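S.K.: here is my input, please return the structure:
(chains A and B)
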Amino acid sequence: MSAATLLQILSSGVVTGGIYALVALSLLIVFKSTEIVNFGGGDVLMFGAYVAMLCQDYFGLGYGPTFLVTSCVMFALGAAFETGVLRTVRGALSPSRVLVSLVITTIGLAYALRGVVRLFSYTDEVRRLPVLVRGPPLFLGPVVLQRQDVVIVAVTLSLVAALFAFFRYTWLGKALRAASVNPRAAELIGIKVARMRLFSWGLAFVIAGIGGILIGGKIPITPDFGTQIAFLAFAAATIGGFQSLPGCIMGGILLGVIQNMVGFFVSSASIAVAPFIVIMLVLVFLPQGLLGGGSALKKV
Amino acid sequence: MLRSPGRPLLVFIAVMILATLVVPGRAPAYYTHVVNLLMVYGILALGLDILIGLCGQFAFAHAAFFGIGCYTTALLYMRLGAPFLIGMPAGAVLAGLVGLLVGLPAMRMRSLYLALATFAFAEAARWVAASWDSVTGGSNGLRIDPGTVFGWSIVTEADAFPIVAGVFTLVVISISHLVRSRLGAEMLAVRESEHVAMASGIDINRTKLLAFTISAVFAGIAGGVFALLNSFVNPDHFSFGTAIMVLTMLVVGGFGSLPGVLSGVVVIGLLPEVLRVALKSIQVWQELIYGGILMATMMFMPLGLAGLSRQMLGKARRANRALDATLGGTETPP
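M.R.: A predicted model of the protein is given here:
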């Protein structure tokens, strides 16, 4: 067991962890703006990967246009889910009781997305997206880095940076935050809370979809593969207490590293159980998440 | 609130006795099989409803307790030769104990964190079942020989029917008593408002723990009966998909209503059979239809079939209630 091996495990953990962090971010954005844990998050990622595959295999697009088209499709889907479905659900019951209904609706979304994908016999076979970037691996000291992994980390980092800037500096980002912290007050100062919710869901779907494209070049895609990623993303978001953006990102990367460590030191069969152990440990000992802090209950 | 069980329950018992006399041997084996399975799901769903519908704890660990009951019953029989009437209660007790252990940390968690933690527990439990090859047979599954009840071997679906019907009837009777008991009222109070319940002198933690334990015991019973019905089980029987199916039954039927939940069990339980007849490629359509049903129910029928029927009955009664209210009577909560 050399330091180089350890670094190698760490670096590949960071690559996959970054993608988990993206899905966790997607969950977080939805949770902060609408208090809904999106149990369909993993399937949104899966759907994004298939949309990208459609772009590439059927329309013969390159990666650039693929990112663009997939983002647009995913935004439309997320916005449609919020306006077409969630808004009706929200109106059907009193606010104190509706939360469970909303969460069940996202489980319905998960099944529906998987069901739609399965309708096409194209998805019966296990497929992959083409490798993101070709070329020989890079050598960073003793560590070997695949070019594709470098691009994945770069895309992830720039997306996260863009999100930070968006939430901190733009009018829309600030309005989104205001609408999530205190919807009533936000409405009073002229922010259209309903529109903000729509935008949050759209944005969340875009982020998960991009996660799907990035991971699609690394691991084989099936209609079921989103579920596994969803567990890891839930664990990552739990570490972040479903509250903190940096917490989610650290959680995602931590999960990726833990997963690789468990695979290397314990057994590859134990990888599957790692996220559940993490979720349980965090929630049992720190019911607010590692970096959640403060109260998880929102004021009205 | 505390009505006596009364006539509906007596009618139910009469129907079950009649069915036990008529069905075995006469109905085609396949239909008997479907009815047996529906009764297992009925036990499972009613047990889950104690936790979610009655006590308001949105927990996802039910499939795990179902599995514990099933594996315990099956293993006690296959390894030690314990008959069903020993194995099934043992499975129920073990499921209840694990339910208690899960409830201890879970009672401190709120809504969505509770859902996440219990969901993680269920997946971890399924992983144990899939990995513990020497005991559970791992993901290859476990073969179960035909069980025995009072030394009588249960081979066909018709043999099993009276046993399943008997257990199911006892479960329905005990749950309808639980709902009307003091404990049931306390659970309801916890669901409506923990603060008000606490102020009324209800021990919230004790009530939640009991709800977790009792709910798990019923899931264990369902698991034991499932072991009797099946000659083979594997961890996939106790996956997230099973948990979602039972949740769908509650959602479609209506949380917190015994007849509602049972009608949900019938609708969702028969759905695969109907689809199998109507569509050739049921595997392909099943998930889409499940997802569609979940979303559409939450959109247009948020209180399920029970809520729908209450709404219809309510229209007739509303005039009376308005009169009561003006005369100073207390408004009953919806």
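
S.K.: the closest residue to chain B within the stretch 101-250 of chain A is in what secondary structure piece?
M.R.: At 2.6 Å from chain B, residue A:115 is the closest residue in the stretch 101-250 of chain A, using CB to the nearest CB. Where C-beta positions appear, they are placed from N, C-alpha and C, glycine not excepted. Element membership of residue A:115 [criterion: DSSP states H and E] is helix A:98-119.

S.K.: give me the pLDDT for residue 123.
M.R.: Went with chain A since none was named. The predicted local distance difference test score for residue A:123 is 74.

S.K.: my bad, the chain I had in mind was chain B
M.R.: As predicted, residue B:123 sits at a pLDDT of 86.

S.K.: that one sits in which helix or strand?
M.R.: Counting by DSSP H and E, the element that carries residue B:123 is helix B:111-131.

S.K.: and the contacts of the following helix or strand past that helix?
M.R.: From helix B:111-131 onward toward the C-terminus, using DSSP H and E, the following helix or strand is helix B:133-136. Helix B:133-136 is contacted by residues B:71, B:75, B:128, B:129, B:130, B:140, B:142, B:235 when judged by CB atoms under 8 Å, 6 or more residues apart in numbering or on different chains.

S.K.: quick check, the strand or helix carrying the second one touching chain A?
M.R.: This points to residue B:75. Following DSSP H and E, the helix or strand that holds residue B:75 is helix B:62-80. No: Helix B:62-80 stays out of contact with chain A when judged by CB under 8 Å from any CB of the partner chain, the minimum separation being 11.1 Å.

S.K.: helices and strands around the helix or strand just after that helix, which ones?
M.R.: Past helix B:62-80, heading to the C-terminal end, the next element that is a helix or strand (DSSP H and E) is helix B:84-106. Contact analysis of helix B:84-106 by 3 or more CB pairs under 8 Å, 6 or more residues apart in numbering or on different chains; DSSP states H and E lists helix B:62-80, helix B:111-131, strand B:148-149, helix B:204-229 as its packing neighbours.

S.K.: how many residues are close by residue 141?
M.R.: If you meant another chain, say so; for now it's chain A. Neighbours of residue A:141 under the rule other CB atoms under 10 Å in any protein chain shown: 8.

S.K.: that's the other chain; I wanted chain B
M.R.: A total of 17 residues lie near residue B:141 under the criterion other CB under 10 Å.

S.K.: and if you look at residue A:212?
M.R.: By other CB under 10 Å, neighbour count at residue A:212 equals 31.

S.K.: let me know the pLDDT of it.
M.R.: Residue A:212 carries a pLDDT score of 91 in this model.

S.K.: ok, then the element right after whichever strand or helix holds it?
M.R.: The secondary structure element spanning residue A:212 is helix A:193-216 (assigned by DSSP H and E). Reading on from helix A:193-216 to the C-terminus, the next helix or strand found by DSSP H and E is helix A:225-239.

S.K.: pull out the buried positions in that next one.
M.R.: Buried positions in helix A:225-239, judged by neighbour count with 16 or more other CB atoms under 10 Å in any protein chain shown: A:225-227, A:229-239.

S.K.: contact residues of chain B facing chain A?
M.R.: Proximity of chain B to chain A (CB under 8 Å from any CB) is limited to residues B:58, B:105, B:108-113, B:115-117, B:119-121, B:123-124, B:127, B:131, B:240, B:244, B:247, B:251, B:283-295, B:298-300, B:302-303.

S.K.: which of these are buried?
M.R.: Neighbour-count burial within the residues of chain B next to chain A applies to B:58, B:105, B:109, B:111-113, B:115-117, B:119-121, B:123-124, B:127, B:131, B:240, B:244, B:247, B:251, B:285-291, B:293-295, B:298-299, B:302-303; the criterion is 16+ other CB under 10 Å.
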